[in-house]
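S.K.: Make a model of this:
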Amino acid sequence: MAWSIAQVARMSKVTSRTLRHYDSIGLLPPAWIGDNGYRYYEKEQVHRLQQILLLRDLGLGLDVVADLLNGTDQLTVLRNHHRWLREERERLDRLAGTVARTIAELEGGDEVKMEELFDGFDASKQKRHEAELIERYGDGVKEHLAESRQKLKDWTRADADAFMKQWQDIARELGALFTAGTAIDAPETQELIDRHHRWICLSWTPNRESYKGLGDLYVDSDEFRVNFEVNGDNMAEWVRDAMAHYAETRL
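M.R.: Predicted structure coming up:
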């Protein structure tokens, strides 16, 4: 039994472009490629894709996922993920209780203690992301992480909303340029990337290498990559290349 790349993409909710990317980096080669150039996957590859998605769900980078899958048997991967799912269920139960208590307070019930307002929020996910960045780019990232924490600690909800609104505007305009086939080094592209760089500097200040590294992360991390889908396509590679050009010419 074999499935085409389109069928696997539909079943797994992973884009065909992502599957091709997994193939290009050696993470998930297809069982074979047909005369029509299409990739075909058998049960072994589908099981491996499931394991990849399980590990990505834990916030692990693609390089870490590859190391784990190449050195760990399938049952160990599944058992570890099952343990994480049980822990996540407990966290969500606490989070549901937090929301319920807040609703009760707003409806005139007992006031919720300040420390209880955040019970169940997942600090471990942020820690996993930070650990992945340090593993990928080295200890120099710690300085950027510390700067980011310092800048964000006094933000209000309005500050955070305004920050995300700026990103949404930038992403929409990037999507329009990508759809129009604009070159990465075109003036309008680079001016928009400059705006993106200034937006990033609101939370931390990247140098040439770390800004290029951020572009790589946009491509490699599914959590970031999904934000770059445009009209059934994905512009993550285009944005990465535009950021790399900006870093080389302006930083």
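
S.K.: Could you count how many residues lie near Cys201?
M.R.: Using other Cβ atoms under 10 Å, Cys201 has 12 other residues around it. Where C-beta positions appear, they are placed from N, C-alpha and C, glycine not excepted.

S.K.: From Gly140, how far off is it?
M.R.: Cys201 sits 17 Å away from Gly140, going by Cβ to Cβ, to the nearest Å.

S.K.: Can you get me a residue count around Pro29?
M.R.: That count, for Pro29 with other Cβ under 10 Å as the rule, works out to 15.

S.K.: Let me know the helix or strand that Leu145 is in.
M.R.: Element membership of Leu145, judged by DSSP states H and E, is helix 141-152.

S.K.: what's the offset of that helix from the middle of its chain?
M.R.: In this view, helix 141-152 has its centroid 19 Å away from the chain centroid, taken as Cα atoms, centre = their mean, to the nearest Å.

S.K.: Against which helices or strands is that helix packed?
M.R.: Counting contacts by 3 or more Cβ pairs under 8 Å, 6 or more residues apart in numbering; DSSP states H and E, helix 141-152 packs against helix 123-137.

S.K.: what about the stretch 1-150 of the chain, any weak spots by pLDDT?
M.R.: Using pLDDT under 70 as the threshold, the predicted model of the stretch 1-150 of the chain has low-confidence ranges 58-60, 72-74, 77, 81, 98, 101-102, 105, 109-138.

S.K.: Where do the strands of it begin and end?
M.R.: Per DSSP state E, counting those that start in this stretch, the stretch 1-150 of the chain carries strands over the ranges 3-4, 32-33, 39-41.

S.K.: now for the ones you listed, which one comes closest to Met164?
M.R.: Among those, the nearest to Met164 by Cβ to Cβ is strand 39-41 (36.0 Å).

S.K.: strands paired with the closest one, and their directions?
M.R.: According to DSSP bridges, strand 39-41 has the following sheet partners: strand 3-4 (antiparallel), strand 32-33 (antiparallel).

S.K.: Just name the most buried of the ones you listed.
M.R.: Of these, the one with the most neighbours on average (mean count of other Cβ atoms under 10 Å) is strand 3-4, at a mean of 18.
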